[in-house]
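Q: Have a look at this fold, sequence not included:
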């Protein structure tokens, strides 16, 4: 039980650290890597006809995060 908790926390900390590293790399001069804000902006503008699929996907992602981490 304790091992799985420690492993889960370590994996989430690693994921957050990797996201932070990618964000730092993307903010350098002449970087070809988009920032997190630019990626979110690109996803939010995606439409399929009249349906804003990108916005629905972002809303669904935040719903999933809230359900799994804040509803307990």
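A: The structure has been received and is ready for your questions. Model, not experiment: these values are computed from the prediction. Numbers count the residues shown, from 1 in each chain.

Q: Can you show me the helices along this structure?
A: Using DSSP state H, the helices of the chain run over 2-26, 36-44, 53-69.

Q: I'd like the mean pLDDT over the first one, please.
A: The reference is to helix 2-26. In this model, helix 2-26 has an average pLDDT of 93.

Q: which outside residues touch that helix?
A: Residues outside helix 2-26 that contact it (Cβ atoms under 8 Å, 6 or more residues apart in numbering): 31, 33, 34, 35, 36, 38. For the C-beta atoms, the positions are set from N, CA and C on the backbone; glycine is no exception.

Q: What about these, which one has the most neighbours?
A: Of all those, residue 35 has the most neighbours under the rule other Cβ atoms under 10 Å, reaching 15 neighbours.

Q: For that one, which non-adjacent residue is closest in space?
A: residue 26 (4.6 Å; Cβ to Cβ, 6 or more residues apart in numbering).

Q: This structure - how does it break down into domains?
A: 1-32, 34-72 (automatic domain parsing).

Q: what sits up against stretch 35-54?
A: So stretch 35-54 is in contact with 19, 22, 23, 26, 27, 34, 55, 57, 58, going by Cβ under 8 Å, 6+ apart.

Q: Report the buried members of those.
A: Among those, those that count as buried by neighbour count (16 or more other Cβ atoms under 10 Å) are residue 26.

Q: Reformat the contacts of stretch 35-54 as CSV; add distance to residue 10.
A: CSV is the format used below for the contacts of stretch 35-54 (distance: Cβ to Cβ, whole Å):
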residue, distance to residue 10
19, 15
22, 19
23, 20
26, 25
27, 26
34, 28
55, 33
57, 28
58, 27
